[in-house]
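**Student:** A structural model of the following input is requested.
(one chain, ligands or ions: 2)
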Amino acid sequence: MRRSAAPSQLQGNPFKKPKFIPPARSNPSVNEEITKQNSDIKLLEVAASKNTFLQSQNDPRICSFNLPTEESAREINHGDNYREKCLEASAMRTLDPHHTVHSSPKEITVSKGREEESDSLVKYFSVVWCKPSKKKHKKWEGDAVLIVKGKSFTLKDLEGRDIGRGIGYKCKELEKTEEGQTMMIGGKEIEVMGVISPDDFNSGRCFHVGGSSAVLSSSHAAKKCFSSPFKSVYKPSSKENSQNGFQNCKPRHDPYAPNSLVMLRPDNNHQWMFNRNCFPIVDVVVDPHLVYHLRPHQKEGIIFLYECVMGMRVNGRCGAILADEMGLGKTLQCISLIWTLQCQGPYGGKPVIKKTLIVTPGSLVNNWRKEFQKWLGRERIKVFTVDQDHKVDEFAKSPFYSVLIISYEMLLRSLDQIKSIKFDLLICDEGHRLKNSAIKTTTALISLSCEKRIILTGTPVQNDLQEFFALIDFVNPGILGSLSSYRKIYEEPIIISRQPSASEEEKELGERRAAELTCLTGLFILRRTQEVINKYLPPKIENVVFCRPGALQIELYRKLLNSQAVRFCLQGLLENSSHLICIGALKKLCNHPCLLFSSVKEKEHSSTWDENEERHLYEGLISVFPADYNPLTVTEEESGKLQVLSKLLAAVHELRPAEKVVLVSNYTKTLDILQEVCKRHRYACTRLDGQTPISQRQQIVDGFNSKYSSDFIFLLSSKAGGVGLNLIGGSHLILYDIDWNPATDIQAMSRVWRDGQKHPVHIYRLLTTGTIEEKIYQRQISKQGLSGAVVDLTKTSEHIQFSVEELKNLFTLHENSHCVTHDLLDCECTGENRTGDSLEKFPISRNCQLGPQQQKSNSLKPLSMSQLKQWKHFSGDQLNLTDPFLTRIRENVSFFFQNITNQTTSI
Ligand SMILES: Nc1ncnc2c1ncn2[C@@H]1O[C@H](COP(=O)(O)OP(=O)(O)OP(=O)(O)O)[C@@H](O)[C@H]1O
Ligand SMILES: [Mg+2]
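**Tutor:** Numbers count the residues shown, from 1 in each chain. Ligands and ions are numbered 1, 2, ... in the order given. Purely as a prediction, here's the structure:
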């Protein structure tokens with residue numbers, strides 16, 4: 001039987017949650033989990049054949065008590081640990097004067113004297129109803145309460161009005177009424193969703209939740225796989241019902257079903273802190289429909305998040321950082337967590353959370369909504385996304401929505417309204433931005449009272465210890481003490497130990513403190529790398545393409561390097577930031593000379609030209625351009641990279657007409673040029689940059705990803721849309737320029753090689769041979785080696801300190817090299833189709849060839865260079881290239897590096 005949710009269920013209606021607890025399970029894996037000190041992540045996969053669950057349900061000793069008595073706990077041989085837990089729980093019960101032992105079977109019949117059948121059985125169920133139809137997928141119209149009394153049924157809507165009656169049913173039929181069952185009552189088709197306790201019916205609470213006016217629509221996606229999880233597990237007879245006041249306290253889903261994903265039960269400590277009312281312990285089981293889709297690492301991630309936010313990993317702290325690499329499905333893991341906590345809880349099955357706040361970059365607000373729909377359909381969870389037309393107030397007033405999704409910018413604007421709502425769970429997507437505790441966004445979020453906090457980030461937690469503190473302190477405030485004590489205890493000793501002058505004692509202390517810090521924070525930080533999903537993805541062919549610069553580019557480059565500004569920089573004579581202007585000019589030139597031309601013209605015409613520092617850089621530059629130079633008519637030949645790009649696009653268009661290209665740049669002006677080229681070649685394209693209104697971004701992404709889209713190219717500004725987006729419609733991604741920060745580029749490259757991608761993915765990273773772009777690339781890969789690619793997204797060249805030596809290296813043009821990067825590898829090959837086979841000749845641990853100071857300062861650097869050396873590499877002159885795309889661009893390329901992940905037979 002398929003079920004689709006009723007509105008009340010979306011609100012986490014406790015009346016629909018069966019509340020049976022099997023208080024003692026003999027499954028050793030569960031007991032192991034309970035005793036585990038270090039809460040290692042472990043999936044509890046319980047064989048369906050083990051029916052101890054059913055046995056314990058049928059055991060009146062168990063069912064008739066909230067928690068087992070000392071005697072019953074001993075009688076049931078479930079292992080010492082569990083007994084200890086039960087004993088303690090029963091002790092807690094006696095300590096709590098308000099605790100009531102629910103043992104009276106008479107509770108079931110309540111309507112004394114009101115009805116003729118006062119002595120007969122009365123049962124209450126939450127149901128959904130609709131007009132009768134033969135359709136497989138019902139369109140449920142509303143929630144209702146079904147009262148089964150004697151031989152009659154009454155159906156009431158959530159305002160208490162009778163909307164149907166039936167009489168004359170056979171006793172046997174009545175006894176069979178259970179979850180998932182459908183029947184006809186008073187001309188309506190109903191489906192039973194859950195049992196309502198007499199108490200909840202009598203108090204009227206069962207009518208309050210969820211509202212009454214919601215109309216359900218069926219969602220194919222949601223209905224497709226949802227099954228009635230209880231059917232084979234719990235079939236209470238009327239006799240049991242009458243004996244057991246807690247027959248409802250059972251897990252929402254069968255914890256013993258094959259592949260069930262069961263959360264760790266709370267230990268004594270936790271119960272003591274959070275279960276003061278001594279509710280029975282109920283297994284929290286992730287919805288099997290979701291589990292069906294989850295990858296193994298995602299199951300682990302959900303268990304991890306659950307334990308963190310429940311305060312099971314670090315006593316009483318409820319924060320977590322999920323730092324999985326890009327594309328690992330952090331969104332789905334969070335959605336699973338929300339759905340689980342919103343419907344279930346370990347104490348009496350009561351839902352742990354009601355409302356969730358998700359804060360995310362503007363371009364991902366609608367992506368979150370889509371992901372909710374993708375995994376849960378439209379009915380189960382009602383999510384509200386804030387935009388110009390949908391304000392927070394609307395969410396606050398509505399009882400239907402349980403999840404609010406808002407951008408960081410909107411959050412600041414609506415902070416007061418947000419603060420007036422009680423959120424139980426806060427998720428900060430791409431949360432690395434919170435590493436700066438001084439910025440407004442961080443202070444705003446800190447000011448929210450919600451204590452269950454999750455940071456999601458693909459590029460997190462790094463070497464900067466203060467930023468690290470800020471992230472940790474956000475999710476688990478105070479866990480590392482005050483900032484000043486943290487500095488004393490951790491930061492200072494760690495930094496001192498890393499200095500070359502550190503004594504042995506200082507080194508040892510720093511290492512121990514670092515280990516302590518890692519150990520403590522490791523309890524609530526989880527990071528997995530992309531390797532865990534490689535096997536689900538198509539092959540990825542990554543190419544670093546060294547493009548020969550055009551003649552004009554070389555001439556201008558020389559001129560810039562000979563400028564007074566660069567010379568002063570190298571003599572250390574100029575102000576701090578002057579080198580940045582020089583670097584900026586060289587980068588522009590690499591993209592296209594016209595960008596430099598426009599900048600110079602712009603500066604020349606400004607009134608401050610004479611005092612301007614840039615004058616020292618740009619003087620005489622215009623004379624190098626042809627006299628009739630027009631920056632508006634972009635010439636492909638003037639830029640090595642543009643020439644390669646143009647040929648590459650033509651090759652994809654011709655050789656793979658069904659495939660599409662994502663074209664990434666860090667600069668909107670460069671995107672303008674690329675767009676112009678697309679236009680010229682009549683390639684249909686779409687574009688997302690910082691100017692694109694947030695409300696349109698998801699639409700643009702969806703349009704491109706659709707197989708019906710005619711767009712061939714997606715122009716993407718990596719700064720605006722690099723993080724979080726899914727661009728699986730494209731299978732070729734070209735990084736037109738390089739960023740200082742490897743994280744920015746990795747983020748951008750991860751947009752296409754993700755779940756859902758159907759084609760082999762081709763990544764092209766274009767670099768201009770011998771120029772500053774190669775130097776930046778070299779710096780990137782050595783940096784990645786240092787930090788395992790865990791680098792901060794917000795670090796730009798402004799944050800990088802350069803020594804004069806480094807600047808000298810940056811400001812050198814290597815005109816005679818095919819590939820300076822390859823030269824530095826000191827590889828013995830001649831650039832002829834080297835495949836890394838002969839690597840044994842070059843042990844990976846050997847020193848890097850990057851230069852003397854680097855060799856000494858960091859032993860990790862050679863590793864990443866060695867890794868690069870393992871890539872296939874060959875010069876552009878190679879005649880027998882096998883890659884059809886590279887063959888097409890060979891003429892303008894001096895060197896290639898290529899790496900293939902998940903190679904299958906053909907690419
Ligand atoms: N188990 C799964 N099966 C199929 N598709 C999945 C699964 N998990 C996630 N996906 C899909 O993979 C894509 C990437 O997921 P998601 O956007 O959550 O990644 P992420 O970890 O947030 O990455 P980023 O750091 O780039 O934001 C999405 O389209 C998502 O629907
Ligand atoms: Mg994401």
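
**Student:** rest of the way, CA atoms for contacts and neighbours
**Tutor:** Noted.

**Student:** Please report how far the residue positioned nearest the centre of the chain lies from ligand 1.
**Tutor:** By CA atoms, centre = their mean, the chain has its centre lying nearest to residue 330, at 2.5 Å. For residue 330, the distance to ligand 1 equals 4 Å [CA to the nearest ligand atom, to the nearest Å].

**Student:** so that residue touches residue 322, yeah?
**Tutor:** Yes. Residue 330 lies in contact with residue 322 (CA atoms under 8 Å); the separation is 7.4 Å.

**Student:** where do the contact lists of the two overlap?
**Tutor:** Common contacts of residue 330 and residue 322 (CA atoms under 8 Å, 6 or more residues apart in numbering): residue 456.

**Student:** dump the residue contacts of the residue in the stretch 501-650 of the chain that ligand 1 sits nearest to.
**Tutor:** Residue of the stretch 501-650 of the chain nearest ligand 1, by CA to the nearest ligand atom: residue 536 (8.7 Å). Applying CA under 8 Å, 6+ apart to residue 536 gives the contacts residue 755.

**Student:** you'd agree it is in a helix?
**Tutor:** No. Per DSSP: H, G, I helix; E, B strand; the rest coil, residue 536 lies outside any helix segment and is coil.

**Student:** And it, how close does it get to residue 649?
**Tutor:** Here residue 536 is placed at a distance of 27 Å from residue 649 (CA to CA, to the nearest Å).

**Student:** Ok, residue 703 next?
**Tutor:** To residue 649, residue 703 is 20 Å away according to CA to CA.

**Student:** More neighbours: those two, which one.
**Tutor:** Using other CA atoms under 10 Å as the criterion, residue 703 and residue 649 rank with residue 649 on top: 23 against 16.

**Student:** can you list the residues of the protein near ligand 1?
**Tutor:** Counting by CA under 6 Å from any ligand atom, the chain comes close to ligand 1 at 293-295, 325-332, 371, 457-458, 723-724, 726, 754-756.

**Student:** Would you mind giving me the PyMOL syntax to select the buried ones in the residues you listed?
**Tutor:** Selection of the buried residues among the residues of the chain next to ligand 1 in PyMOL, burial being defined by 16 or more other CA atoms under 10 Å:
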select buried, resi 294+295+325+326+327+328+329+330+331+332+457+458+723+724+726+754+755
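
**Student:** Can you list which of the residues of the chain next to ligand 1 are found in helices?
**Tutor:** In helices, defined here by DSSP state H, the members of the residues of the chain next to ligand 1 are 293, 330, 331, 332, 371.

**Student:** Next one, pLDDT for residue 415 please.
**Tutor:** On pLDDT, residue 415 comes in at 95.

**Student:** contacting residues for it?
**Tutor:** Taking CA under 8 Å, 6+ apart, we find residue 415 in contact with residue 444.

**Student:** so who does the residue nearest to the centre of the chain touch?
**Tutor:** Counting by CA under 8 Å, 6+ apart, residue 330 has contacts 298, 322, 324, 456.

**Student:** Kindly confirm my reading that residue 542 is in a strand.
**Tutor:** Yes. Under three-state DSSP, residue 542 falls within a strand.

**Student:** from what I can see it touches residue 766, true?
**Tutor:** No. The criterion here is CA under 8 Å, and residue 542 misses it with residue 766 at 11.2 Å.

**Student:** Comparing these two, which residue is more hemmed in?
**Tutor:** Neighbour count, other CA under 10 Å: between residue 542 and residue 766, residue 766 has more, with 26 against 20.

**Student:** In three-state terms, label residue 455 for me.
**Tutor:** Put simply, residue 455 is strand when judged by three-state DSSP.

**Student:** same check, this time on residue 279
**Tutor:** What three-state DSSP gives for residue 279 is coil.

**Student:** domain parsing for the chain?
**Tutor:** The chain breaks down into these domains under automatic domain parsing: 1-37+68-85+104-253, 268-476, 551-624, 636-901.

**Student:** Distance to residue 512 for the ones you listed - can I get that in JSON lines?
**Tutor:** Listed next are these as JSON lines, based on distance: least, CA to CA, whole Å:
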{"stretch": "domain 1-37+68-85+104-253", "distance to residue 512": "22"}
{"stretch": "domain 268-476", "distance to residue 512": "15"}
{"stretch": "domain 551-624", "distance to residue 512": "37"}
{"stretch": "domain 636-901", "distance to residue 512": "19"}
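
**Student:** just flag whichever of those domains has the lowest average confidence.
**Tutor:** The minimum mean pLDDT among these belongs to domain 1-37+68-85+104-253 (a mean of 53).

**Student:** which ones are touching residue 534?
**Tutor:** Neighbours of residue 534 in contact, by CA under 8 Å, 6+ apart: 901, 902.

**Student:** no no, residue 876
**Tutor:** Counted by CA under 8 Å, 6+ apart, residue 876 has contacts 890, 891, 892, 893, 894, 895, 896.

**Student:** now the helices: where do they sit in the stretch 251-400 of the chain?
**Tutor:** Remark: helices assigned in the stretch 251-400 of the chain by DSSP state H, counting those that start in this stretch are 268-274, 288-293, 296-309, 330-343, 365-376, 392-397.

**Student:** Can I get those in a markdown table including distance to residue 191?
**Tutor:** Conversion of the helices of the stretch 251-400 of the chain to a markdown table gives the following (distance: least, CA to CA, whole Å):
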| stretch | distance to residue 191 |
| --- | --- |
| helix 268-274 | 34 |
| helix 288-293 | 19 |
| helix 296-309 | 30 |
| helix 330-343 | 19 |
| helix 365-376 | 19 |
| helix 392-397 | 29 |
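
**Student:** tell me the SS of residue 432?
**Tutor:** Using three-state DSSP, the structure places residue 432 in helix.

**Student:** Quick check, it in contact with residue 467.
**Tutor:** No. Counting by CA under 8 Å, residue 432 stays clear of residue 467, with 9.1 Å between them.

**Student:** These two: which has the busier surroundings?
**Tutor:** residue 432 (25 against 20).

**Student:** ok, now which ones touch residue 406?
**Tutor:** Shown in contact with residue 406 (CA under 8 Å, 6+ apart): 357, 358, 359, 360, 362, 365, 385, 386, 387.

**Student:** For stretch 677-687, measure first residue to last.
**Tutor:** End-to-end span of stretch 677-687 (CA to CA): 14 Å.

**Student:** ok, and what's touching that stretch?
**Tutor:** Contacts for stretch 677-687 (CA under 8 Å, 6+ apart): 634, 646, 675, 700, 704, 710, 711, 712, 713, 714, 715, 716.

**Student:** which of the ones in helices among the residues of the chain next to ligand 1 lies closest to residue 141?
**Tutor:** Taking CA to CA as the measure, residue 141 lies nearest residue 371 of these, at 24.6 Å.

**Student:** all helices of the stretch 651-800 of the chain, in order?
**Tutor:** Under DSSP H, counting those that start in this stretch, the stretch 651-800 of the chain gives helices at 668-680, 694-705, 718-721, 742-749, 772-787.

**Student:** Now distance to residue 346 too, for these, in JSON lines please.
**Tutor:** Converted to JSON lines, the helices of the stretch 651-800 of the chain look like this (distance: least, CA to CA, whole Å):
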{"stretch": "helix 668-680", "distance to residue 346": "51"}
{"stretch": "helix 694-705", "distance to residue 346": "37"}
{"stretch": "helix 718-721", "distance to residue 346": "40"}
{"stretch": "helix 742-749", "distance to residue 346": "38"}
{"stretch": "helix 772-787", "distance to residue 346": "39"}
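
**Student:** So which of those is the most surrounded?
**Tutor:** When the helices of the stretch 651-800 of the chain are scored by mean count of other CA atoms under 10 Å, the highest mean neighbour count falls to helix 742-749 (a mean of 24).

**Student:** centre of the chain versus it, how much separation?
**Tutor:** Centroid separation for helix 742-749 versus its chain: 16 Å, with CA atoms, centre = their mean, to the nearest Å.

**Student:** packing partners for that helix?
**Tutor:** When contacts are defined as 3 or more CA pairs under 8 Å, 6 or more residues apart in numbering; DSSP states H and E, helix 742-749 sits against helix 718-721, strand 732-735, helix 772-787.

**Student:** Using PDB, list the CA coordinates for that helix.
**Tutor:** Extracted in PDB, the C-alpha atoms of helix 742-749 (Å, rounded to 0.1, in the frame of the first residue of the first chain):
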ATOM      1  CA  PRO A 742      42.500  26.300  -5.900                       C
ATOM      2  CA  ALA A 743      39.300  26.000  -4.000                       C
ATOM      3  CA  THR A 744      37.500  28.400  -6.400                       C
ATOM      4  CA  ASP A 745      38.600  26.300  -9.300                       C
ATOM      5  CA  ILE A 746      37.800  23.000  -7.700                       C
ATOM      6  CA  GLN A 747      34.400  24.300  -6.800                       C
ATOM      7  CA  ALA A 748      33.700  25.300 -10.300                       C
ATOM      8  CA  MET A 749      35.000  22.100 -11.800                       C
END
